[in-house]
Structure formats: structure tokens, C-alpha cells
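Student: Quick one, structure for this:
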Amino acid sequence: MPIDAKDLSQEPPRSPRTVLGGYVLVARMLDKARAELCGTASQYLFNCGLDHIFLTYKGITAEEVQALLASGLTDEEVLKWIDSNGKPRTAEEIRAWSNSLLEDKAHFFNHLETDDQALLTKRSSSSSHAPKGGKSDW
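Tutor: Numbering: from 1, shown residues only. Down below sits the predicted model:
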């Protein structure tokens, strides 16, 4: 099954604020992981500190997530796996965790979103190649 990945040199991953399955951070993590698998991650890094916040919360590994994505699973299919594996979490626990991060990391999330847009603007206005090295979310 083919992997449907964003080209992160052309568009940024989803915001860390995007809620997917009740979780913040997950949509961005999945975008970066798929792009890494397809060689379109550009400067973005999967399995960074921000991704680890979610992975630790759920008790799953980056390798497990990447294996699921390598098999072509959709966001919904990955979420189903996430909810069935790792540390069990209730909907209320997930909501409280996500809301806490939205509040505690608001400034950092603002920075990431501004940085995403700045990188995109810089790439579209520059005829040169993007600089080497990774853009970590942490």
C-alpha cells in the first residue's frame, strides 16, 4: 500500500495544536514520520523531543509508529492502533492531557507555527536549495 506523505519542503506538517483522535501533537508527528519514510521530510525530524512527549504518554515507540506508517495505514487506522496499544487512556484523560499541553506549550507552539511559515516563505522566495540539517521540534 503506498504511503501518502506531504512534501515538507513545500508545505509544513500540521500544527502541533491539530487534534487527531483527541490528541494534540499526533497529526504533526505522523506527517513528519510519513515524510521521513518517503524522503520528503526536508528539514523536519521525526522522533524529536516533541514527538517523545506523546510517545511517552502513550507508552509506544517511534519504531512502532513508523512500522505502521510504512505499511500505508491511514491516520484513522494508526489512531485505532494507538488506542489499542501502549498505556490505556480514557477519553477524559486524553482531553485533559491535550488541554494541558495546549496551555503549557502555547508559546512554543506559536514559535513552531511561525517558524514553519518562515521556512516555507524563505523556500518559496529563494532559488537556492534549502540549508542542510534538520529542523527539530525540540
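Student: In the protein, where is pLDDT below threshold?
Tutor: Applying pLDDT under 70 to the chain picks out residues 1, 123-136, 138.
Student: how close does the most centrally placed residue in it get to residue 101?
Tutor: In the chain, the C-alpha nearest the mean C-alpha coordinate belongs to residue 29, at 1.7 Å (CA atoms, centre = their mean). To residue 101, residue 29 is 13 Å away according to CB to CB, to the nearest Å. To be clear about C-beta, it is placed using only N, CA and C from the backbone, and glycine gets the same treatment.
Student: How about residue 23?
Tutor: In terms of CB to CB, residue 23 sits 9 Å off from residue 101.
Student: now swap in residue 56 and tell me
Tutor: 12 Å.
Student: So which of the two has more stuff around it?
Tutor: Neighbour count, other CB atoms under 10 Å: between residue 56 and residue 101, residue 101 has more, with 21 against 12.
Student: I figured the more buried one hits residue 25, correct?
Tutor: Yes: assessed by CB atoms under 8 Å, residue 101 is found in contact with residue 25 at 7.0 Å.
Student: so what sits against both of the two?
Tutor: residue 53 (CB atoms under 8 Å, 6 or more residues apart in numbering).
Student: dump the residue contacts of the closest residue to residue 4 other than its chain neighbours.
Tutor: Spatial nearest neighbour of residue 4, chain neighbours left out: residue 34 (7.1 Å); criterion: CB to CB, 6 or more residues apart in numbering. Going by CB under 8 Å, 6+ apart, residue 34 touches 3, 4, 5, 6, 69.
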